Every structure is written in structure tokens, then in C-alpha cells.
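> with the sequence up front, the predicted model follows.
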Amino acid sequence: MTDPSANTGLQAGQQDFERILSCDLFKGLKAVLDTLSPDRDALWAGVNGTSSYEELVARLGYRITLTGQIHVRDAYCRVGSAGGIKAVLPYHDIPTQSSLPTLVHFDSSLTTTPNSARFFNKMLAALKAQLSAQK
């Protein structure tokens, strides 16, 4: 028999997750996560059950390939099954003046730069910290 208060706690936790993830601070991370999985339960479970961005991406069924540079204009030309790119996520972090693009491929992989991977790893850590503060 399931404890009704446990379900309420899970629902509140997931609502906190959605509310915090929707903040401007996490806009770039949200764009990546929304592209990788429309399943909100899987996203919430992934955030709670992993300790790094790379682990989270793997849990969602993707692998990360790092590259030194991504030419966003060129990537847009390759969107579609023929070019192998499902989505181009050209995030720009204004405070650091950093371009942090991510390419999502049809073969369940992401291509990103080391700077972008580090940035989103920090964003995930900040998200997890805010979620922990809500408990």
C-alpha cells in the first residue's frame, strides 16, 4: 500500500523542480533538457539521481561528444535527417559573454564544447542546490 503523504511529497518536489528550472538562471539548461526528453518524470528523476551533467545526459539516453568549436551557422545548415542534427541550441551566457552551443543529433548524441559542458555541469549543481534548499 502506498503512503498518500509520500505521493504528496513527490508531487511537491516535482513542482519545485519545474518552478526552479523555469527561472531565468536555468534557461539554457532547461532548453537542453526539454530537447532531450519531454518526459518530466524522467527529467526530475534524472536530476535527483545523478551528480553531473554528463551522467544526467547519459541517463536520458544520450552520449556527449566534446569538440573544440561549434560553428552554429554551419550546424543550422545540417538540421534534418540528412545532416544528422535534430536540434541546435545556441545558448549565449551574457554575464560571461560566452557562447555555449549544443547540437542534438538523431543518433542519440550531443556535441558540445568543453566550456559548455562545464557551464551546464555548474548549472545542474546550482539547480540541485536550490532543490535541496526547498526540502
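That came through, no problem. Numbering: from 1, shown residues only.
> element containing the spatially most central residue of the chain?
Using CA atoms, centre = their mean, the residue of the chain that lies closest to the mean C-alpha position is residue 33, 3.4 Å off. Using DSSP states H and E, residue 33 sits within helix 27-36.
> output the contacting helices and strands for that helix.
Under the contact criterion of 3 or more CB pairs under 8 Å, 6 or more residues apart in numbering; DSSP states H and E, helix 27-36 touches helix 4-21, strand 85-93, strand 98-105, helix 114-134. Any C-beta I mention is one placed from the backbone N, CA and C, and that applies to glycine too.
> so who does residue 36 touch?
57, 60, 61, 62, 104, 110 (CB atoms under 8 Å, 6 or more residues apart in numbering).
> tell me the spacing between the fifth one and residue 14.
Between residue 104 and residue 14 the distance, using CB to CB, to the nearest Å, works out to 24 Å.
> same question for the second one.
With distances taken as CB to CB, residue 60 is found 16 Å from residue 14.
> more neighbours, these two?
Counted by other CB atoms under 10 Å, residue 60 and residue 14 do not tie: residue 60 has more neighbours, with 19 against 16.
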